[in-house]
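Engineer: Sequence plus the predicted model coming up.
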Amino acid sequence: MKTDQRILGIDPGSRKTGFGLLDLVGGQLRYITSGVIKSTDGDFTDRLKVIHQSIRALIKEYNPDIMAIESVFVHKNPSSALKLGHARAAALCATFDFDMNVFEYSPREIKKGVVGTGAASKEQVQHMVVALLNLDGTPAEDAADAIAAAICYSNERAMQESLRAIS
């Protein structure tokens, strides 16, 4: 069966970056794989390098068309927001040598697109990811958030196509 699009969802973090790969086939989502890139060793630049190299390796292996990534949100601690921004940049830079489109969504947009409320808990996101994709197990929180970003992209695309059809 031909894949319409392969979507790489990313939930960036300076120590744990979640990823999820989904195929969009005939309007239906199919789970490919997901996981967490752990970058806990070394100094901050070493951790960013792990994120960049790991995302690049995923892109080479799975050849996604789209990256759906969580945008930076302001933490109570500005230093944390800055580190998150660096982790996002490392993931985004991994796409530069590939023919990919990148879409960014706020955490609230992702939660609302998957659970129905922008104030959803991590557990609610995990539950909906499992239910929507009919998964056998529950992915780790960061992986579920990344999968949710990919689902958010798919839902937005479907909405845009519906609007075009009625215009």
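Structural biologist: Everything's here; your move. Keep in mind the model is a prediction, meaning the values are calculated, not measured. Numbers count the residues shown, from 1 in each chain.
Engineer: Please, where are all the strands along the chain?
Structural biologist: Assigned by DSSP state E, the strands in the chain fall at 5-11, 16-25, 28-38, 66-70, 101-105.
Engineer: which one of those lies closest to Asp46?
Structural biologist: Proximity to Asp46, assessed across the strands of the chain by CB to CB, is greatest for strand 28-38 (12.5 Å). C-beta coordinates here come from the backbone N, C-alpha and C atoms, glycine included.
Engineer: Starting from the closest one, tell me which strands it pairs with and how they run.
Structural biologist: strand 16-25 (antiparallel) (DSSP bridges).
Engineer: Show me which residues of the strand it pairs with are buried.
Structural biologist: 16-24 (16 or more other CB atoms under 10 Å).
Engineer: can you give me the angle that strand makes with strand 66-70?
Structural biologist: Calculated by axes from the mean of the first three to the mean of the last three CA atoms, to 10 degrees, strand 16-25 forms an angle of 140 degrees with strand 66-70.
Engineer: Only alpha carbons, please: show strand 16-25 as CSV.
Structural biologist: The C-alpha trace of strand 16-25 is given here as CSV (Å, rounded to 0.1, in the frame of the first residue of the first chain):
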residue,chain,number,x,y,z
LYS,A,16,15.0,13.3,26.5
THR,A,17,13.7,13.9,23.0
GLY,A,18,10.7,11.9,22.0
PHE,A,19,10.1,10.7,18.4
GLY,A,20,7.3,9.0,16.6
LEU,A,21,6.9,7.9,13.0
LEU,A,22,3.5,7.5,11.4
ASP,A,23,2.4,6.8,7.9
LEU,A,24,-0.7,8.6,6.5
VAL,A,25,-2.3,6.2,4.0
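Engineer: Measure how far the longest helix seen in the chain is from the centre of its chain, please.
Structural biologist: The longest helix of the chain (DSSP state H) is helix 141-166. Relative to its parent chain, helix 141-166 has a centroid offset of 11 Å by CA atoms, centre = their mean, to the nearest Å.
Engineer: can the buried residues of strand 16-25 go into JSON lines with extra columns for pLDDT?
Structural biologist: Shown next, in JSON lines, are the buried residues of strand 16-25 (pLDDT from 0 to 100):
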{"residue": "Lys16", "pLDDT": "95"}
{"residue": "Thr17", "pLDDT": "97"}
{"residue": "Gly18", "pLDDT": "97"}
{"residue": "Phe19", "pLDDT": "98"}
{"residue": "Gly20", "pLDDT": "98"}
{"residue": "Leu21", "pLDDT": "98"}
{"residue": "Leu22", "pLDDT": "98"}
{"residue": "Asp23", "pLDDT": "97"}
{"residue": "Leu24", "pLDDT": "94"}
